[in-house]
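1. Quick check, what structure comes out for this input:
(chains A and B)
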Protein chains: 2
Amino acid sequence: MTLMVLRLGHRVGRDARITTHVGLIARALGADGVVMSGQRDERILEALRKVTETWGGPFDVSYEADWLSFLRKAKEEGKMIVHLTAYGLPIDDVIASIRSCARDLIVVVGAEKVPGIVYRLADWNVAISSQPHSECGSLAIFLDRLFEGKELSKDFRDAKLRIIPMKRGKKVVRLKGLEPRKDLSKDTT
Amino acid sequence: MTLMVLRLGHRVGRDARITTHVGLIARALGADGVVMSGQRDERILEALRKVTETWGGPFDVSYEADWLSFLRKAKEEGKMIVHLTAYGLPIDDVIASIRSCARDLIVVVGAEKVPGIVYRLADWNVAISSQPHSECGSLAIFLDRLFEGKELSKDFRDAKLRIIPMKRGKKVVRLKGLEPRKDLSKDTT
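-> Residues are numbered from 1 along each chain as shown, chains lettered A, B, ... in the order given. All right, here's what the predicted structure looks like:
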């Protein structure tokens, strides 16, 4: 199964940080890539590619101007569409079906207003609480529930840096056969 | 047990939407309130209070200029401090201890750089994956894991509006004894 996150309706400036966070969450929590749509924003694409170059992947970052054709083609190819929206069905009611469908998934997260066609194309409209919410929060919980927490121990390939978990302080090691660089680590205790 | 989210280091403009999302996530996922710090930003406080007025609570929204005194006082009062950071210990290793401590919690989420004192004051530095991440994503998963999913069915009191989950389309009802208003609902099927 592959899972791609589709970010709809990006607006340069206004959405820059939220869209970046959507990409970071997708990568950190086990998605295979993110597809940006809306206004084209090279800086975000570059920033996410650079994160992958430094911290490992694989994680695909791309842009699609015509998200509707992208979704229709995905459906023709047998992929299933999950749309995260506060108006959808509770995640507890649908996550088992989504997990067991064993098909490639496109997970759609919108910006402010999502066109009605997305609700109709989606195989599942999924609510992570029926409250005004954040697409970042919804995406994170969706991925964590879908992958049952296993995504948190995902092994990222070809990473140049890796964080070593610590009770206190910060420890980052440089990989690729080099010794840990002391100047990258900081013990704040 | 009460749980307050402390948002550190807010910068007007740059962090406006991320900080708003932190507040929305805190409210939607069972926190008792959010405390903003950094640059004072009345628009965000007002926006979050308005969400609570419309969609229910209780959910407390406040501002603290001196977050360090706030944290020290919280510790003196016996509250426990959780700091969400990619450098911390994996959530799987600590969530059971946090849940079972049965004490009031302050959950700290930073903006770009978090001062070292926060790592030292924290009873737990917790990583939601040791990857570059989003404080929104981390907060959402932390709350979902802490409350074991029960937060998604939280009953919000004194709500004026409520979303009725649907397979497709949007349905919002007006509460307080009034009939559902058709113009609030939109069936996109």
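
2. neighbouring strands for the helix or strand residue A:108 falls within, and are they parallel or not?
-> Under the criterion DSSP states H and E, the helix or strand holding residue A:108 is strand A:105-109. Looking at strand A:105-109 with DSSP bridges, its partner strands are strand A:3-10 (parallel), strand A:80-90 (parallel).

3. contacts for the shortest one?
-> Counting by Cβ atoms under 8 Å, 6 or more residues apart in numbering or on different chains, the neighbours of strand A:3-10 from elsewhere in the structure are A:15, A:19, A:22-23, A:26, A:30-39, A:41, A:44, A:60, A:64, A:67, A:70-71, A:104-114, A:118, A:139, A:143, A:146. Every C-beta, even on glycine, is put in place using the N, C-alpha and C of the backbone.

4. Secondary structure class of residue A:142, three-state.
-> helix (DSSP: H, G, I helix; E, B strand; the rest coil).

5. if I look at the most centrally placed residue in chain A, how far off is chain B?
-> The central residue of chain A, meaning the one whose C-alpha is nearest the mean C-alpha position (Cα atoms, centre = their mean), is residue A:26 at 1.6 Å. Here the criterion is Cβ to the nearest Cβ, to the nearest Å. By it, residue A:26 lies 9 Å from chain B.

6. okay but that residue is in contact with residue A:36, surely?
-> No - when contacts are counted by Cβ atoms under 8 Å, residue A:26 is not listed as touching residue A:36 (10.7 Å).

7. Could you pick out the buried ones from the contacts of strand A:3-10?
-> Of the members of these, the ones counted as buried by neighbours, 16 or more other Cβ atoms under 10 Å in any protein chain shown, are A:15, A:19, A:22-23, A:26, A:30-38, A:41, A:44, A:60, A:64, A:67, A:70-71, A:105-111, A:114, A:118, A:139, A:143, A:146.

8. Just the ones of those residues in helices?
-> Secondary structure from DSSP state H places A:19, A:22, A:23, A:26, A:44, A:67, A:70, A:71, A:118, A:139, A:143, A:146 of these in helices.

9. you'd agree the third one is up against residue A:44?
-> This points to residue A:23. Yes - if you go by Cβ under 8 Å, residue A:23 and residue A:44 touch, sitting 6.8 Å apart.

10. which neighbours do those two share?
-> In terms of Cβ under 8 Å, 6+ apart, residue A:23 and residue A:44 are both contacted by the residues residue A:36.

11. hmm, who's touching stretch A:22-32?
-> Applying Cβ under 8 Å, 6+ apart, the external contacts of stretch A:22-32 come out as A:2-5, A:7, A:33-34, A:36, A:44, A:47-48, A:51-52, A:57-61, A:107, A:109, A:135-136, A:139-140, A:143-144, A:147, A:150-152, A:154, B:129, B:131-134, B:136-137.

12. Buried members of those residues into PyMOL, please.
-> One line in PyMOL is enough to select the buried members of the contacts of stretch A:22-32, burial here meaning 16+ other Cβ under 10 Å:
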select buried, (chain A and resi 3+4+5+7+33+34+36+44+47+48+51+52+57+59+60+61+107+109+135+136+139+140+143+144+147+151+152) or (chain B and resi 129+131+132+133+134+136+137)
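
13. returning to that earlier point: could you point out which of the ones in helices among the buried ones among the contacts of strand A:3-10 is nearest to chain B?
-> Using Cβ to the nearest Cβ, residue A:139 is the member of those that lies nearest chain B, at 7.1 Å.

14. My guess is the closest one contacts residue B:137. True?
-> Yes - the pair residue A:139 and residue B:137 qualifies as a contact (Cβ under 8 Å) at a distance of 7.1 Å.

15. for chain A, what are the low-confidence residue spans?
-> Low-confidence segments of chain A, defined by pLDDT under 70, are located at A:177-189.

16. rerun at 90
-> Low-confidence segments of chain A, defined by pLDDT under 90: A:102, A:111-113, A:133, A:176-189.
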